[in-house]
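Enquirer: One predicted model, sequence on top.
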Amino acid sequence: MNLFTDLRGIVIEALDQMAGAGEVPAGLDTANVTVEPPRDPAHGDMATNAAMVLAKPAGMKPREIAEKLAARLTDPRIAGAEVAGPGFLNLRLAPSVWQGVVRTAIRAGRDFGRSGIGAGHKVNVEFVSANPTGPMHVGHVRGAVFGDALANLLAFSGHEVTREYYINDGGAQVDVLARSAYERYREANGLEPEIREGLYPGDYLIAVGEALKDRYGDSLLERPEEEWLAEVRDFATEAMMGMIRQDLALLGVRMDIYSSEKALYGSGRIEAAIKRLDSLGLIYRGVLEPPKGRLPEDWEAREQLLFRSTAHGDDVDRPIQKSDGAWTYFAPDIAYHWDKIDRGFDQLIDVFGADHGGYVKRMNAAVKALSNGRVPLDIKLIQLVKLFRNGEPFKMSKRAGTFVTLRDVVEEAGSDVTRFIMLTRKNDAALDFDFARVLEQSRDNPVWYVQYASARVSSVLRRATEVGIDVSDSALADADLSKLAHQSELDLARKVAEWPRLVEHAARAHEPHRIAFFLYEIASDLHSLWNRGNDDQSLRFVQDGDSATSQAKIALVRAVGVVISAGLGILGVTPVEEMR
């Protein structure tokens, strides 16, 4: 149930009646008619812009339309309709509407708020895609949590979602990994490792070196690099991917598909993708303009194979093949996205680190060209996470081996806390992760505050059961909810009613952080009502000697619990029943 959709339907039906009666012209486009909460709650429960958006095409004054529309809104759910300003129409709803939302939420359970807006729509969400050169660090955590929560949100909204990890195992970095692992292999064989400049010095490669010794003994020591490089590269890459999979599991993140960049080379798929662009007249040989600002010492004007990405919104055309015939990094990415288009996805979402901002326009241009504009690509950039302990920031450097790993963060803060905190800011805003704050028990800690609300819901249900009140969902859904009459109770029911609309808006915008914000708000409203009950006995959820009133109040609490449970499920966080 989406109350806002239902009310909009009532407004549209009234407009159709007006058209039938000749009060407004027939055939008006009502696509932009909305029903939403007014900015000022004092103005009513809902407001519609119908008169404002239809006035010009109808050739009428907005207030004239609004007044006629108000007279037509005779549905018993609408207690009053008042014209305001130049033609906005404010609606006041009957208390039974909010009471009915409570009943609906309980009957729907964790499906409350699910929608079909994505029905029949296949979406690919590619996220994390960290280079397989070491364990994931805290900078990867946010992208992993964001991507997973976004996939959950889209699935909750009816989309068919595929979670995908693109393994960047085709570049020079995996050769560096192989040489670094080989030095640890030498170390495992009793030799002094030569961790020269440019290699990965992290201790995490010691285990890889020992595993190489277990497989090869000392047989690689006397062989030249050209003979062992490919074998060690594949071995080390697989070892790192095993570590990455374990880290993702620790965070509660699962992938449906792991795709390999290396598999694209020699398969003909890169060449096929470029041929496809060439057939569209988008490939040519040319010389790029020099980069703006100071020229690099090694820069020279040279002819290259270029993709005419400016034809699809990019700032400059992009090289796809170097003058020596080797592909640029962009070429396999083009082929990879064409593969996703060929797999029949209706939308592609890429979750990139903020340092990949320069890739947005070129990648959008490639996808637009390859799909003839049919498949949209939404690239979400994830800003940095600043990690603090005792007021001092951690410094991260994969090459120096001093970075803070995903495992470090999760083992100290816990998966639930880590996931929730990573979603308390919009993806394109920087985020501070302070261990002191995320582990404290106060309102300033959003995850604790929401979990405390979850625990309070369970506490109310346990207390009611102890005094013999039936709190099964069937009993609560059939309770006399007209007993929910206090303004603060109806306000909390209003918040429950916002949940389905919030889910749809968050899914359309690809913004899972909205779920975290909403959970904090509804938790705050529940805590506020709880505290009111400390001063006003009539607001306590369990009313001594009055089972019927208790059931109505507990039904409201249960409805809040339904929303919190569903929201935490989208975020990948487990609701708690007791606070320790």
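Expert: Alright, I've got the coordinates.
Enquirer: Against S115, how distant is A211?
Expert: Going from A211 to S115 by Cβ to Cβ, to the nearest Å gives 48 Å. (Each C-beta comes from the backbone N, C-alpha and C, glycine too.)
Enquirer: Which strand or helix spans the closest residue to S482 other than its chain neighbours?
Expert: Nearest non-adjacent residue to S482, counting by Cβ to Cβ, 6 or more residues apart in numbering: Q99, 6.3 Å away. Using DSSP states H and E, Q99 sits in helix 95-108.
Enquirer: which residues of the stretch 251-400 of the chain fall in strands?
Expert: 257-260, 283-287, 303-307, 318-321, 347-353, 377-382, 385-389, 392-393 (DSSP state E, counting those that start in this stretch).
Enquirer: Flag every buried residue along the third one.
Expert: Spelled out, that is strand 303-307. For strand 303-307, a neighbour-count test (16 or more other Cβ atoms under 10 Å) marks Q304, L305, L306, F307 as buried.
Enquirer: From these, pick the one nearest L154.
Expert: Closest approach to L154 among those (Cβ to Cβ): F307, at 29.9 Å.
Enquirer: How is this protein partitioned into domains?
Expert: Per automatic domain parsing, the domain ranges recorded for the chain read 3-93, 172-250, 443-571.
Enquirer: quick one: pLDDT of F517?
Expert: Note on F517: pLDDT of 98.
Enquirer: next one: F394
Expert: At F394, pLDDT is 67.
Enquirer: does the residue nearest the centre of the chain sit in a helix or strand, and which one?
Expert: When Cα atoms, centre = their mean is applied to the chain, the residue found nearest the centroid is L150 (2.7 Å). L150 is part of helix 138-156 when elements are defined by DSSP H and E.
Enquirer: what angle do that helix and strand 347-353 make?
Expert: Computed by axes from the mean of the first three to the mean of the last three Cα atoms, to 10 degrees, the angle separating helix 138-156 from strand 347-353 equals 160 degrees.
Enquirer: the inter-axis angle of helix 138-156 versus strand 377-382?
Expert: 140 degrees.
Enquirer: and the next element down the chain from helix 138-156?
Expert: strand 160-167.
Enquirer: Can you give the strand pairings for that following strand, parallel or anti for each?
Expert: Its sheet considered, strand 160-167 pairs with strand 122-126 (parallel), strand 257-260 (parallel) by DSSP bridges.
Enquirer: Which strands and helices lie in contact with whichever helix or strand comes after it?
Expert: As assigned by DSSP H and E, the chain's next helix or strand after strand 160-167 is helix 172-188. Under the contact criterion of 3 or more Cβ pairs under 8 Å, 6 or more residues apart in numbering; DSSP states H and E, helix 172-188 touches helix 206-216, helix 225-250.
Enquirer: what's the distance between the closest residue in space to Y166 that isn't next to it in sequence and V410?
Expert: Of all residues not flanking Y166 in the chain, S129 sits nearest, at 4.3 Å (Cβ to Cβ, 6+ apart). Distance, S129 to V410, by Cβ to Cβ: 19 Å.
Enquirer: neighbour-wise, which of the two wins?
Expert: S129 (23 against 20; other Cβ atoms under 10 Å).
Enquirer: need the contact list for that one.
Expert: Y165, Y166, I167, N168 (Cβ atoms under 8 Å, 6 or more residues apart in numbering).
Enquirer: what about 7 Å?
Expert: By Cβ atoms under 7 Å, 6 or more residues apart in numbering, the residues touching S129 are Y165, Y166, N168.
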